[in-house]
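Engineer: structure, please.
(one chain, ligands or ions: 1)
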Amino acid sequence: MRAVAVIPKQRGSVHLVEMNEPKTSDVPGGRGVKVKTLRVGGCGTDREINNAEYGIAPEGFDYLVLGHENLGQVVETGENAKEFAVGDYVVATVRRPGKSIYDQIGEQDMTTDNEYFERGISRLHGYFAEFYVESADFMVKLPPSLKEVGVLLEPLSIVEKGLQQAFELQERLKIWQPKRAAVIGTGSVGLLTVMAMRMRGLEVHGFGKDKKEGYLNAQLCEEIGASYDSTMEISVADAAKKYGAFDIVFECTGYSPIVWDAALGAAKNGVLILSSVTGGERRAEIQSDKINIEFVLGNKLMFGTVNAGREHFAAGVKDLALCEAMHPDWLDKMLTHPVNGIENFAQMFQNLNGGVPGMIKTFCEISP
Ligand code: BGC
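Structural biologist: Prediction:
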């Protein structure tokens, strides 16, 4: 079968490889599920890996098969994986257990290991292949009605984890009923965050760099009942004065200096969630006294979140279904740049490398 791989640390090395089809017996205990890959999404992480800034090949290989945003259809199940049936639509999680105590109890998204295992990213081959095999333990089922948008589930799982953690952490307040939220960054993860918080009934304000006029991402914010402002026109701190301070600020721009402006938007007892993976070496001058005193006197909370567990994927399935019911076509509009056929993988990386107007999400359709 064909797969799309990079040679880690070699810039622009993305290429097709030929591999043997995996077998359900590759997974011990009869738990293997063989999946025909339908779609693989591309994101900033894939771009960074192909730009040699990130990514590690599995032991014994000099290449890494890419692809962590995935959607597929079951073609075969192991004898002890009967919770899945041939024809089911499925999405697999990304991280696999390592050594830390969190990994041992199935909470590998909270690993303390420095060496972590992520399909398509770190030490494990990904899903950018015609087939993959995975343990039933690491897969969730989607209703057929979500097959057009299911490739958005993996990025949404990151958001679901961040929100769930925020609610768990805020139990320190005994009573916390967030009403107003800000989402900093309205790329694909930002829009999914806007959506997930709108599905929870919050008043949501989206912030991006681009001007609102003619900007599809801004239009999508408004279509789902959120506002949109350009941070070139209003800072998050000033927006907090205009709209009222934000009980939740969710940062997902990929641009770290904005974190400190976002911090100034958080309400008393509020929470700032950081989810951008910023591999660079940027520095910023910040209002440190002001941010510090406001966090101290306002009992505010800031935390980081990465990756997601199976329960966060399962929560995402529900939000996708609710969104489809309440706002049909909204999720479809995010899927702006399809690429047809695995052999046209290079187009997806061109899209990811920027300069493509109106792009929100690019993905490769491997099988219709
Ligand atoms: C993926 C996560 C992963 C993170 C860091 C993100 O793009 O969605 O699953 O943990 O990169 O490698």
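
Engineer: use CA for all of it now, contacts and neighbours both
Structural biologist: OK.

Engineer: quick one: the helices in the protein?
Structural biologist: Defined through DSSP state H, the helices belonging to the chain, from first to last, are 44-50, 101-104, 153-169, 188-199, 216-223, 236-243, 258-263, 288-297, 310-326, 330-334, 345-352.

Engineer: winner for burial among those?
Structural biologist: Per residue and on average, the most neighbours among the helices of the chain fall to helix 188-199, with a mean of 25 (mean count of other Cα atoms under 10 Å).

Engineer: helices or strands next to it in the packing?
Structural biologist: Counting contacts by 3 or more Cα pairs under 8 Å, 6 or more residues apart in numbering; DSSP states H and E, helix 188-199 is packed against helix 153-169, strand 180-184, strand 203-208, helix 216-223, helix 310-326.

Engineer: switch the cut-off to 7 Å
Structural biologist: With contacts defined as 3 or more Cα pairs under 7 Å, 6 or more residues apart in numbering; DSSP states H and E, the packing partners of helix 188-199 are helix 153-169, strand 180-184, strand 203-208, helix 310-326.

Engineer: run the chain-centre distance for it.
Structural biologist: For helix 188-199, the distance between its averaged C-alpha position and the chain's averaged C-alpha position is 11 Å (Cα atoms, centre = their mean, to the nearest Å).

Engineer: can that helix be said to contact the ligand?
Structural biologist: No. Looking at helix 188-199 against the ligand by Cα under 6 Å from any ligand atom, there are no contacts, and the closest approach is 9.6 Å.

Engineer: from residue 68, how far out is the residue in the chain positioned nearest to the ligand?
Structural biologist: When scored by Cα to the nearest ligand atom, the chain has residue 307 as its residue closest to the ligand, at 3.7 Å. Computed with Cα to Cα, to the nearest Å, the distance linking residue 307 and residue 68 is 11 Å.

Engineer: do the same with residue 359
Structural biologist: Distance from residue 359 to residue 68, counting by Cα to Cα: 19 Å.

Engineer: ok, the two, which is more surrounded?
Structural biologist: Set side by side, residue 359 and residue 68 give different neighbour counts by other Cα atoms under 10 Å, the larger being at residue 68 (28 against 18).

Engineer: the more buried one touches residue 119, doesn't it?
Structural biologist: Yes. The pair residue 68 / residue 119 is scored as a contact, 6.0 Å apart, by Cα atoms under 7 Å.

Engineer: shaky segments in the stretch 201-350 of the chain?
Structural biologist: Counting by pLDDT under 70, the stretch 201-350 of the chain shows no low-confidence range.

Engineer: residues in the stretch 251-368 of the chain within reach of the ligand, list them.
Structural biologist: Residues of the stretch 251-368 of the chain that fall close to the ligand, judged by Cα under 6 Å from any ligand atom: 306, 307.

Engineer: circling back to that earlier point, what is in contact with residue 68 and residue 119 at once?
Structural biologist: Common neighbours of residue 68 and residue 119 (criterion: Cα atoms under 7 Å, 6 or more residues apart in numbering): 94, 126.

Engineer: need the contact list for residue 77.
Structural biologist: When contacts are counted by Cα under 7 Å, 6+ apart, residue 77 is found next to 24, 32, 33, 34, 84, 85.

Engineer: if we use 6 Å, what do you get?
Structural biologist: Going by Cα atoms under 6 Å, 6 or more residues apart in numbering, residue 77 touches residue 33.
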